[in-house]
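Participant: task: produce atomic coordinates for the following.
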Amino acid sequence: MPSGLRAHWECAIVLNTRRNASCLPPPSWQSSLARSSNWLLALITATVIGSPAVAQQPPSEVALPQLTRMALAVEPDYDSERLSGTATLTLRNTADTPIARVPLLLHRLMRVNAVRMEDGRELTHRQQIMSYEDWETFQANVIQVDLARPLAAGESTQVAVEFEGHLVGYTETGMLYVRDHISRDFTILRSDALAFPVVGVPSVQANRAAPFALFEFEASVTVPEDLVVATGGEEIGRSMSDGLVTWHYRSRAPAPYLIVTIAPYQVASEDGLRIFHFPEDSVGARAMLEASRRAAERYQEIFGPLDRELALTIMEIPDGWGSQASLTGGIIQVAGAFRDSDRTRELYHEMSHLWNAVDLDTPSPRWNEGLATFLQGRLAREIDGWEGEPEALERTAERLLERCGSGEPCGHVPLRDFGIEQMTDYSYSVGRLMFAALYESLGEEAFDGALRTHYQSSKTRGTRTDDMVRAFVDEGGPVALRIFDDWLESAAWLNRLREAGSVQVMLEDYQPQS
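Facilitator: Numbers count the residues shown, from 1 in each chain. You can find the predicted model right below:
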């Protein structure tokens, strides 16, 4: 896979802990205008669609209410390739001051027709096509809803947003995996493409800095009767009318995201695992079902039990559309993993995220992606007998040495700051080598003990990077501290790799001296 495409496939992976925010491309892809956060210029150049201009308030100063529940009712029109529906959002004010306006984002080719209160009264709203202040090529319909009365601190309210319009991809932003559109062959509705209204402002940094919380969802999706609708929730019924079927789902527990996929799916299921797959991939789906079962068993041995019963939905999507994973939101997995047994590692990567506690770091350095990338190779060795991990680690090191020299940011920014510096595309590779060093230096028993202690102590309360570090230092002592100093707290790993000449020699250098 070309490095650029892979970087965005990796970026598309969403943790069980990740908030609903799109992957930001590397800073080198952004123009100087975007990096300057020129909010006023964005307002001047924005395209207004049938309503007064949105108030000129920088996104960083806009209070974001917290989504606690969403009820989505939608119907795609395959002839016109349009989507229409209503998203009913239950919002809570977690700030210390009242909120008078609710900021929302929607796809740039969609519009809001009305916003209503619980009693049906219509609320005033304004909408405007704008570029993100820190991502010039990413445009969205920016909406402000005036509440009937300010929402006091700690209070909740509900707004029903009626919307419609075309859905197309966002590949021009650098998000190559967001190819979303309305098609009978395959349709996906997700927040990455702003296919339905989400709470937010046109600023990646501001959205990621907002308090994170899981939310409950319901979804009612109406499609022709030859199509199947899938979500990570549980199906609670279907209703038919005039050749159309409305599929009804609800979340089993609070989830980090809602993803809806629609296709002429078939279904394979066993022991709490359910796979929606394309008809031509039935053999691969059965193999994936078995691989999922074995991976779940192995991860439970490593991390200990999940915080709830394993009831997992896997939805097949076309290659290049990105993968995401959550126990409650479901897994979307690219078709290649169904068709090529060598790509089962991608499934192991996604499933490891089921054992991620809620990430409380804002913005997160996403070290969990490095752990998942390391674990995918480990499980491939343990389950499938794969022997390619040493070579894969060497290739990872070679790419980092090539990319992070000559004063590039990844050569001096520590992993801990990758979220702050918008460099989390490097969390996969740098984190992978960091966890490989911990595994080789501490040994499997101590390494797994640290993972188990960390997850079991944080699975219900959430975690920060320091919690993970503490768990490994408690098991590994000075050796673990030395590794974290090189790989998490600094970029000393670059010189260490360069001087060692290979990953294997570098790993041996960390071994405790007898």
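Participant: name the helices or strands packed onto the longest helix belonging to the chain?
Facilitator: With DSSP state H setting the assignment, residue counts place helix 282-303 as the longest helix in the chain. Using 3 or more C-beta pairs under 8 Å, 6 or more residues apart in numbering; DSSP states H and E as the contact definition, the elements that helix 282-303 packs against are strand 266-270, strand 273-277, strand 312-317, helix 336-339, helix 344-352, helix 367-384, helix 444-458. Just so you know, the C-beta spots here come from the backbone N, C-alpha and C atoms, and that holds for glycine as well.
Participant: so for residue 428, which of these sits nearest?
Facilitator: Between residue 428 and the helices and strands packed on helix 282-303, the tightest spacing by C-beta to C-beta is seen for helix 367-384, at 4.8 Å.
Participant: quick check: buried residues in the closest one?
Facilitator: Taking 16 or more other C-beta atoms under 10 Å as the basis for neighbour counts, the residues of helix 367-384 that come out buried are 367-380, 383.
Participant: got it, and stretch 167-184?
Facilitator: By neighbour count, and taking 16+ other C-beta under 10 Å as the criterion, the buried residues in stretch 167-184 are 167-168, 170, 173-182.
Participant: same deal with stretch 152-167?
Facilitator: Residues of stretch 152-167 classed as buried under the neighbour-count rule (16+ other C-beta under 10 Å) are 157, 159-165, 167.
Participant: need the CA coordinates for it. CSV is fine.
Facilitator: Extracted in CSV, the C-alpha atoms of stretch 152-167 (Å, rounded to 0.1, in the frame of the first residue of the first chain):
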residue,chain,number,x,y,z
ALA,A,152,-27.8,26.5,32.6
ALA,A,153,-24.8,24.6,33.8
GLY,A,154,-25.6,21.0,34.4
GLU,A,155,-28.9,21.2,32.6
SER,A,156,-29.9,19.2,29.5
THR,A,157,-32.1,20.0,26.5
GLN,A,158,-33.2,18.3,23.3
VAL,A,159,-33.2,19.6,19.7
ALA,A,160,-34.5,17.9,16.6
VAL,A,161,-32.6,18.9,13.5
GLU,A,162,-34.2,18.3,10.1
PHE,A,163,-31.7,18.1,7.3
GLU,A,164,-31.2,17.0,3.7
GLY,A,165,-28.8,17.1,0.8
HIS,A,166,-26.1,15.3,-1.1
LEU,A,167,-23.3,13.3,0.5
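Participant: for the protein, give me the ranges with low pLDDT.
Facilitator: Counting by pLDDT under 70, the low-confidence segments of the chain come to 1-60, 513-514.
Participant: and the longest strand for it?
Facilitator: strand 135-151 (DSSP state E).
Participant: partners of it, with directions?
Facilitator: In the sheet containing strand 135-151, the strands it pairs with under DSSP bridges are strand 99-107 (antiparallel), strand 125-132 (antiparallel).
Participant: format those as TSV; extra columns: mean neighbour count.
Facilitator: What follows is these, written out as TSV (neighbours: other C-beta atoms under 10 Å):
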stretch	mean neighbour count
strand 99-107	23
strand 125-132	22
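Participant: now tabulate those strands in CSV and tack on distance to residue 291.
Facilitator: Rendered in CSV, the data for these read as follows (distance: least, C-beta to C-beta, whole Å):
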stretch, distance to residue 291
strand 99-107, 35
strand 125-132, 38
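Participant: between those strands, which gets nearest to residue 393?
Facilitator: Nearest to residue 393 among the strands paired with strand 135-151 is strand 125-132; the distance by C-beta to C-beta comes to 35.8 Å.
Participant: convert the C-alpha atoms of that closest one to CSV, please.
Facilitator: Backbone C-alpha positions of strand 125-132 (Å, rounded to 0.1, in the frame of the first residue of the first chain) are rendered in CSV as follows:
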residue,chain,number,x,y,z
HIS,A,125,-31.0,28.9,13.4
ARG,A,126,-28.3,30.2,11.0
GLN,A,127,-26.1,28.2,8.7
GLN,A,128,-23.1,29.0,6.5
ILE,A,129,-20.5,27.1,4.5
MET,A,130,-17.1,27.7,6.0
SER,A,131,-13.6,26.3,6.0
TYR,A,132,-12.1,25.1,9.3
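Participant: residue 248 and residue 240 touch, don't they?
Facilitator: No: in this structure residue 248 lies outside contact range of residue 240 using C-beta atoms under 8 Å: 11.9 Å.
Participant: which one of those two has more residues nearby?
Facilitator: For residue 248 versus residue 240, neighbours defined as other C-beta atoms under 10 Å are more numerous around residue 248 (17 against 10).
Participant: contact partners for that one?
Facilitator: With contact taken as C-beta atoms under 8 Å, 6 or more residues apart in numbering, residue 248 is in contact with 218-220, 235-239.
Participant: what does residue 498 show for phi and psi?
Facilitator: Note on residue 498: its backbone torsions stand at phi -60, psi -40 [degrees, to the nearest 10].
Participant: quick one: it and residue 170, what's the gap?
Facilitator: Taking C-beta to C-beta, to the nearest Å as the measure, residue 498 falls 37 Å from residue 170.
Participant: again with residue 185
Facilitator: Relative to residue 170, residue 185 is positioned 19 Å away (C-beta to C-beta).
Participant: same deal with residue 219?
Facilitator: Plainly put, residue 219 is 22 Å away from residue 170 if you go by C-beta to C-beta.
Participant: of the buried residues of stretch 167-184, which is the nearest to residue 337?
Facilitator: Among the buried residues of stretch 167-184, residue 177 lies closest to residue 337 (C-beta to C-beta), at 14.4 Å.
Participant: which SSE is that closest one in?
Facilitator: Assigned by DSSP states H and E, residue 177 belongs to no helix or strand.
Participant: quick check: chain neighbours aside, which residue is closest to it?
Facilitator: Setting aside the residues directly before and after it, residue 177 is nearest to residue 322 in space (C-beta to C-beta, 6 or more residues apart in numbering), at 3.3 Å.
Participant: tell me if the one you found really is in a strand.
Facilitator: No: counting by DSSP: H, G, I helix; E, B strand; the rest coil, residue 322 is not part of a strand but coil.
Participant: quick check: it touching residue 179?
Facilitator: No: in this structure residue 322 lies outside contact range of residue 179 using C-beta under 8 Å: 9.0 Å.
Participant: show residues contacting the one helix or strand residue 261 maps to.
Facilitator: Applying DSSP H and E as the criterion places residue 261 in strand 260-263. Taking C-beta under 8 Å, 6+ apart as the criterion, the residues outside strand 260-263 that touch it are 72, 74, 76, 185-190, 219, 221, 223, 227-231, 276, 278, 315-317, 332.
Participant: before I go, just wanted to say thanks for your time.
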